[in-house]
Every structure is written in structure tokens, then in C-alpha cells.
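Visitor: Model the following, please.
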Amino acid sequence: MALNTASIESILPTIVAVLFAVAGVVNLAGLGAVKRDFARWGYPAWFRLLCGALELLSAALLLGQQTRVLGLALAGAIMIGALVTLLRNREPFRHLAPALIFSALVVVTVAVRG
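Guide: Here you go, the predicted structure:
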């Protein structure tokens with residue numbers, strides 16, 4: 001099955017939406033080192049919840065044809081903030097890599113959209 005531009009234009013935002021939804025749930029749940037990381041980066045406890053909620057909102061916006069541009073803009077803003085945080089705190093590449101992948105997917109989705 002060959003993928004055409006229309007298929008890619010619908011598949012990419014769905015992939016990005018799923019990734020942002022998972023990230024949002026992880027941040028809201030505060031599983032693993034998530035709470036410790038936000039505290040170590042100097043953010044108040046509520047900021048993790050705000051990030052999770054914004055990630056879920058971005059995912060929801062990405063799924064709607066009419067709201068996709070807004071979802072991409074929000075996803076891009078989230079990723080800029082995440083990358084700044086990770087770089088400012090000199091996080092190792094293993095922490096930076098997922099943020100770079102998410103960012104690349106957002107950029108590719110915008111590029112394919114035209």
C-alpha cells in the first residue's frame with residue numbers, strides 16, 4: 001500500500017496527538033521521576049499539571065481538522081519550552097532525545113501540511 005500525501009497529512013497529526021496524549025497522562029500522573037524532574041528543574045508542583053493539561057489539549061486539537069493548526073502551534077510551544085528546560089539544565093542526551101524526536105515530528109507535520 002503506497003502512502004500518498006493525503007494519507008501522510010492525516011497519519012502524522014494522529015501520531016503526534018497520541019504521543020502528546022501519552023506525555024500528558026504521564027505528567028498528570030506524576031509517575032516515576034516526573035515529579036522529581038520538575039522539582040529539580042525549579043518548577044512549582046502545579047507546573048507539571050499545567051504541562052500535562054496543555055499536552056492533552058494539544059493532542060485533542062491535533063485530532064480535529066479545523067483545530068489542527070492551533071494544536072500544532074501549541075505542540076510547538078510546548079516543545080520549545082521542554083527543549084529550553086532540558087538544555088538549560090544540561091540534561092544528558094538520553095533525556096534530550098525524546099524531546100528532539102517529538103519536536104521533529106511536529107516540524108515534519110507542519111511541513112507536510114504546507
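
Visitor: Tell me which residues are up against stretch 91-107.
Guide: Contact with stretch 91-107 is made by 12, 15-16, 19-20, 23, 72, 75-76, 79, 82-83, 86-87, as judged by C-beta atoms under 8 Å, 6 or more residues apart in numbering. Any C-beta I mention is one placed from the backbone N, CA and C, and that applies to glycine too.

Visitor: For those residues, could you give me a markdown table that also reports secondary structure?
Guide: Below are the contacts of stretch 91-107 laid out as a markdown table (DSSP: H, G, I helix; E, B strand; the rest coil):
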| residue | secondary structure |
| --- | --- |
| 12 | helix |
| 15 | helix |
| 16 | helix |
| 19 | helix |
| 20 | helix |
| 23 | helix |
| 72 | helix |
| 75 | helix |
| 76 | helix |
| 79 | helix |
| 82 | helix |
| 83 | helix |
| 86 | helix |
| 87 | helix |
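
Visitor: Filter those residues down to the buried ones.
Guide: 12, 16, 19-20, 23, 72, 75-76, 79, 82-83, 86 (16 or more other C-beta atoms under 10 Å).

Visitor: now residue 32, nearest residue through space, not along the chain?
Guide: residue 26 (7.9 Å; C-beta to C-beta, 6 or more residues apart in numbering).

Visitor: Correct me if wrong: the one you found contacts residue 34.
Guide: Yes - taking contacts as C-beta atoms under 8 Å, residue 26 lies within contact range of residue 34: 6.2 Å.
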